[in-house]
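Visitor: starting from these lines, generate the structure:
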Amino acid sequence: MKGLKSAVAVMSILIVLALGLLGYGIYKRFGGGDARNAPLAERQAQADAAIAAQREREQNTPPTLMLNGVEVSPAPEGLKNVTLPARSSIRQMMPYKNGVALHTRTTKGEYIFYINTATGKMEGALKINYAPTQPAQPQRR
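Guide: Okay, here's the model as predicted:
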């Protein structure tokens, strides 16, 4: 019977210690601690700003590409966005002065757009018009 009483006493001490550790963990999580002394709203604002900055970096950094087994890093000036007309497709891309020339096909015809790669702005455009084809005429003998 004496052994049972001592086992109950040891278990009671262990329960009190566990509750004390639980209380200390809750205190450190929600009220105390080094960097966590700031109010909850302020900490949330800092976390939101950090997430927004990370998303901005991800949007403006093109992915690293592998070409022929060689890793190609993005350009030092970062990613430039160019908006082409809706439902257009790029047929060919060629270097031109300080940018590129894009031969595109749109729903309204074919164009060549001149884009400055430093600024990402369109500097000019050419519309390609094709002469109408003449129907083949039978040859006379």
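Visitor: all strands of this structure, in order?
Guide: Under the criterion DSSP state E, strands of the chain are mapped to 65-67, 70-72, 89-96, 99-106, 109-116, 122-128.
Visitor: and the last one, average pLDDT?
Guide: What it means is strand 122-128. For strand 122-128, the mean pLDDT works out to 87.
Visitor: how far does that strand sit from the chain's center?
Guide: Averaging C-alpha positions (Cα atoms, centre = their mean, to the nearest Å) puts strand 122-128 30 Å from its chain's average.
Visitor: what angle do that strand and strand 89-96 make?
Guide: Between strand 122-128 and strand 89-96, the angle comes out at 120 degrees (axes from the mean of the first three to the mean of the last three Cα atoms, to 10 degrees).
Visitor: next: the fourth one.
Guide: Counting by the same axes, to 10 degrees, strand 99-106 lies at 160 degrees to strand 89-96.
Visitor: give me the buried positions along strand 99-106.
Guide: For strand 99-106, burial by neighbour count (16 or more other Cβ atoms under 10 Å) applies to 99, 101-104. Backbone N, C-alpha and C define where each C-beta goes, glycine included.
Visitor: ok, the third one next?
Guide: Judged by neighbour count using 16+ other Cβ under 10 Å, the buried positions of strand 89-96 are Y96.
Visitor: who are the packing partners of it?
Guide: The contact analysis (3 or more Cβ pairs under 8 Å, 6 or more residues apart in numbering; DSSP states H and E) places strand 89-96 against strand 99-106.
Visitor: look up how far I13 lies from Q54.
Guide: Using Cβ to Cβ, to the nearest Å, Q54 is found at 47 Å from I13.
Visitor: got it, and M1?
Guide: Plainly put, M1 is 19 Å away from I13 if you go by Cβ to Cβ.
Visitor: tell me which of those two has more neighbours.
Guide: Taking neighbours as other Cβ atoms under 10 Å, M1 and I13 compare with I13 leading, 10 against 5.
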